[in-house]
Structures are given as structure tokens and as C-alpha cells.
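> any chance you can model this:
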Amino acid sequence: MGIDAVDQARAAAVMMQISDQEFAALRSLIYSRFGINLTEEKRSLLVGRLQKLLRSQNLASFQDYYDYLAKDTSGRAVSDLVNLISTNYTYFNREKDHFDYFLKTALPQVCNRLRQRGQKDVRVWCAGCSSGEEAYTLLMLMHEYLGTEYRQWSAGLLATDISERVLATARQGIYAADKVASLPEALQRKYFVQLGDGRMQVAETLRQEVTFRRFNLMNTSFPFKKPFQIIFCRNVMIYFDQQTRNALVQRFHRAMEPDGYFFIGHSETLGRDSALFRYIMPAVYQKGN
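Numbers count the residues shown, from 1 in each chain. Below you'll find the predicted structure:
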């Protein structure tokens, strides 16, 4: 007699149990590679997100999965892992006061300083860009501020994330209409086209001006040739422990021009490294000299 559905479910549940040793090994690997600190409370989340992958790879245990990760030389297995464990919750105009400050204060001040130096190279980095809503919003606002002068500037935008899955979505720039509705109607009309299925896509001219790249913020040094005047890294450091956050803030500091602006999430703090930046407003800082 065959195993019924209940027995199958129980068998699967048993197969997907994770031991303390297995959890510790995977947690250590994830921390060392991505800086993500999985506490004991995240154990069930890790199992829930990985069990389908284990079954698809015919892996009987999390130890087998760990061994599979260790043996993979292509990088694909680790890439699949970070795609599954990354939390990529975002939406247009999230923490709107930051975008208002960017448009009305930070960007004008940066551009004025560049004009005084005879330069027109605005460098903005959206770190942990997820599916692209934040990056596209920043670029729209750069267009709005510079207007017809925009083409005279080198004013594109770098957007990076560790997850190739969300970067693929960002490059397409296609979003449900209700997600785009949180933007002002003027921006919707100007920078989006409506698709036949009702979804909205960022205009091609705008999509071409964002450079989307996979990048691991745990790299001990950032490979950028020129410093940035503005960096957004919002709601990313909440997944790191204090030591990892401190080291990352130091790397951001080195990657910025003096008086550059640093935006983090409202639920985040710079901790002891806030001495590297001047507090401007909640979750907005400016680099000192």
C-alpha cells in the first residue's frame, strides 16, 4: 500500500529537520560570505526558504547541502543561496522624507559645489537596491532637479545588490500599477509607460541611465575609481551585527567625498562610527572632512 499524503508530509518534515551543528555551519557560512547575521530566531526561516532547494537537488540533509556549497566552484550554488535568504522588501517613495531632502537640499548642494569646481559629474550609489524602486526614484528626481541641463552632466546612477534575482527585476523595470501609484502622478506620466497587461514599465531612456551590478558589501575594499557624493544604503544594515555595520560604515566613509550625504534606514543607526559623519536629520548624515 502506498504512502498517503499525510505520511508524505510527515516524511518531508522529518527530512527537513536541521541539527544545531548544521544550523551553526550554515549560519557561519552566510555570515562570512554576506555579513547577514542569522540569530537562533531565524532557524525556521532558513529551513523554510531552503527546503525546496534541497529537494530539487535531491539532498537528504542540510549537511549534504553544506557540502554541496563547499564543493561548488562555479559560484552558482552560493548565488542561489543568497537569492533565497535575502529579504527584498521595498516600494516606491519608501521613507519619503529622504527623497524630499535629496531633491530639495542634498542634490542642489552637491551640484552647486561641483559647479564651483567647474565639474559636472554627479556620483550617486544606491547600495542594496533590491528590485530597483529606490534607484529609479532617485534618477527621476535628478532629472526633475537638473531639467534641460541634465544632458550636460555626467549624472547616471550606480545601483547594486547581492541578489541576481532582484537585479533581473530591476533591470526590466516592470512593476504592478498599484506599486507605482505611490509616486506623484506627474512622475508616473513622465517616466513610465503602461503595458498591455496593466503593469507599468520605467521608460527605456531612464532604464539605460542606471547601472545595475551584483556587488557584495562584505568586500573588504570597494573598487570604485572615484568617490561618491551621495550614498543610499537603507534598510540593509539591519541584517548585520554591530561589528559588521561598523566596518561597512567605515568603507562607505572612504568611498565618499567630503561633505557627501549618507542615507540609511529609519530603523538603523551608525553606532559608534557616527563620529565619521555629522547628523543632519533622522537617518541622514553628512561626511566630515
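> now the helices for the protein?
Along the chain, the segments classed as helices by DSSP state H run 5-15, 20-34, 43-56, 62-71, 76-85, 96-101, 107-116, 133-146, 164-172, 177-180, 185-191, 204-207, 242-254.
> out of the ones you listed, nearest to F222?
helix 242-254 (5.8 Å; C-beta to C-beta). (Glycine included, C-beta is placed from N, CA and C.)
> and the closest one, how far from the chain's centre?
16 Å (C-alpha atoms, centre = their mean, to the nearest Å).
> which residues sit against it?
For helix 242-254, the surrounding residues in contact (C-beta atoms under 8 Å, 6 or more residues apart in numbering) are 35, 37, 127, 217-218, 220-222, 231, 233, 237, 240, 262, 270-273, 276-277, 287.
> restrict these to the buried ones and give me that as a ChimeraX selection.
To isolate the buried members of the contacts of helix 242-254 in ChimeraX, using 16 or more other C-beta atoms under 10 Å:
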select :35,37,127,217,218,231,233,237,240,262,270,273,276,277,287
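> now, which of the contacts of helix 242-254 lie within strands?
Among the contacts of helix 242-254, the members falling in strands (DSSP state E) are 127, 231, 233, 262, 277, 287.
> including distance to I162 and pLDDT, could the residues you listed go into a markdown table?
Listed next are the ones in strands among the contacts of helix 242-254 as a markdown table, based on distance: C-beta to C-beta, whole Å; pLDDT from 0 to 100:
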| residue | distance to I162 | pLDDT |
| --- | --- | --- |
| A127 | 10 | 96 |
| I231 | 16 | 98 |
| C233 | 12 | 96 |
| F262 | 20 | 97 |
| F277 | 24 | 92 |
| K287 | 24 | 94 |
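> weakest of the helices of the chain in terms of mean pLDDT?
Within the helices of the chain, the stretch with the lowest mean pLDDT is helix 5-15, showing a mean of 42.
> what sits against the spatially most central residue of the chain?
In the chain, the centroid-proximal residue (C-alpha atoms, centre = their mean) is G128; its distance is 1.7 Å. Neighbour list for G128: 160-162, 217, 233-236 [criterion: C-beta under 8 Å, 6+ apart].
> change it to 10 Å
By C-beta atoms under 10 Å, 6 or more residues apart in numbering, the contact list for G128 reads 86, 88, 90, 134, 159-163, 166, 215, 217, 232-237, 239, 265.
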